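*Asks:* Have a look; sequence and predicted model below, questions after that.
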Amino acid sequence: MQIQYTKKLNNKGVFGIIRRFCNYIDPRLTEHGSHVAYIISRMLQDTGKYSKHELRDICFLAQLHDIGAYKTEEISRMLQFETDDIWDHSFYGYLFIRYFSPLKELAPAVLLHHITWNFLEQGDEPSTKLKDLSQILHIADRIDVSMSLEKRSWEETLQLITQGTNNVFAPQIVDLAAKLNFKDSIENEWRKDSKYFDFLTSIPLSEEETTEYLKMLVFIIDFRSHYTVTHTITTTSISYELGKLLSLNEDQLCVSPY
């Protein structure tokens, strides 16, 4: 049965709803995700490597990339320039994107978005495109933390990023970052950039995509608590594996058990 009310929602409406739901977890996640999405849009908009549809989806992914940081103390540890504890929020974020969003093909980039380049480049998986995307998320994430949280200037932040070239960060992605030039805070530039918001709303979501994003919001609320998120993730993962044993097709497997 078609859900008719989705016809009245456009990109702006869906994006706004997602931001408000993320605020229920912690407003810092929403602000950080918005900044990272904006940084990425500026890094990629003139490269010609991504279609407008792909770039829109990458910006949506960036808004959600730290959704796995469901605990306040995890968010506090995450918002540091360097951290030894990267796996919890990366892993849960990957599972969330993989099972509960329309962006499942991009989920590996969330899983790997804190992995250093010298390690990431050695593996055969994932694809080169996903490796690049994980590094784009990594660098944009670090730029926002450096400037918005640690109050470094753009020049100081770029120097810090450049020092990690070939070790922490992929040189081709550092080159993209080096073309940026933030004259003001990321928050101020993001809010004043009307072209960015026009871009996000210029490519309409299909009714199916809109419905999938609205379904996703149900699970965002679960990420307020360690217990609810663990229950949601494990129930869905077990159901998925049981379905594979029953030879269900991919469309059937991706139907939520809730």
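*Replies:* Perfect, I can see it now.
*Asks:* How about stretch 203-222, which residues are buried there?
*Replies:* Residues of stretch 203-222 classed as buried: 205, 209-214, 216-217, 219-220, 222 (neighbour count, 16 or more other CB atoms under 10 Å). Bear in mind the C-beta positions are built from the backbone N, C-alpha and C, glycine included.
*Asks:* how about those residues in TSV, adding pLDDT, distance to Leu120 and secondary structure?
*Replies:* Output for the buried residues of stretch 203-222, formatted as TSV (pLDDT from 0 to 100; distance: CB to CB, whole Å; DSSP: H, G, I helix; E, B strand; the rest coil):
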residue	pLDDT	distance to Leu120	secondary structure
Leu205	83	31	coil
Glu209	85	29	helix
Thr210	84	33	helix
Thr211	84	34	helix
Glu212	86	29	helix
Tyr213	86	29	helix
Leu214	82	34	helix
Met216	83	27	helix
Leu217	79	31	helix
Phe219	75	28	helix
Ile220	76	28	helix
Asp222	69	30	helix
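*Asks:* separation between Ala37 and Asp144?
*Replies:* Between Ala37 and Asp144 the distance is 10 Å, computed by CB to CB, to the nearest Å.
*Asks:* for the stretch 1-150 of the chain, what are the low-confidence residue spans?
*Replies:* Within the stretch 1-150 of the chain, the stretches with pLDDT under 70 are 1-10, 70-86.
*Asks:* Tell me which stretches of it form helices.
*Replies:* 11-25, 27-44, 52-64, 72-78, 87-100, 107-111, 117-120, 128-144 (DSSP state H, counting those that start in this stretch).
*Asks:* elements contacting the top helix by length along the chain?
*Replies:* Ordering each helix of the chain by length in residues (DSSP state H) puts helix 226-245 first. On a contact count with 3 or more CB pairs under 8 Å, 6 or more residues apart in numbering; DSSP states H and E, helix 226-245 meets helix 87-100, helix 207-222, helix 250-253.
*Asks:* Mind putting those helices into CSV with distance to Gly33?
*Replies:* CSV is the format used below for these (distance: least, CB to CB, whole Å):
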stretch, distance to Gly33
helix 87-100, 11
helix 207-222, 12
helix 250-253, 28
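*Asks:* Nearest approach to Ile17 belongs to which of those?
*Replies:* Comparison of the helices and strands packed on helix 226-245 against Ile17 by CB to CB identifies helix 207-222 as nearest, at 6.5 Å.
*Asks:* Compute the inter-axis angle for that closest one and helix 52-64.
*Replies:* Between helix 207-222 and helix 52-64, the angle comes out at 10 degrees (axes from the mean of the first three to the mean of the last three CA atoms, to 10 degrees).
*Asks:* packing partners for helix 207-222?
*Replies:* Other helices and strands packing on helix 207-222, by 3+ CB pairs under 8 Å, 6+ apart, are helix 11-25, helix 87-100, helix 226-245.
*Asks:* Format those helices as TSV; extra columns: mean neighbour count.
*Replies:* Listed next are the helices and strands packed on helix 207-222 as TSV, based on neighbours: other CB atoms under 10 Å:
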stretch	mean neighbour count
helix 11-25	17
helix 87-100	21
helix 226-245	14
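*Asks:* any chance of the ones you listed in CSV, plus distance to Gln163?
*Replies:* Listed next are those as CSV, based on distance: least, CB to CB, whole Å:
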stretch, distance to Gln163
helix 11-25, 32
helix 87-100, 23
helix 226-245, 35
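*Asks:* which one of these lies closest to Val110?
*Replies:* Closest to Val110 of the helices and strands packed on helix 207-222 is helix 87-100 (CB to CB; 4.6 Å).
*Asks:* Measure how far that closest one is from the centre of its chain, please.
*Replies:* Averaging C-alpha positions (CA atoms, centre = their mean, to the nearest Å) puts helix 87-100 10 Å from its chain's average.
*Asks:* The longest helix of the chain to helix 87-100, inter-axis angle?
*Replies:* Angle between the axes of helix 226-245 and helix 87-100 is 50 degrees (criterion: the same axes, to 10 degrees).
*Asks:* follow-up on the earlier one: please name whichever of the helices of the stretch 1-150 of the chain is nearest to Pro171.
*Replies:* The nearest among those, by CB to CB, is helix 117-120 at 8.1 Å.
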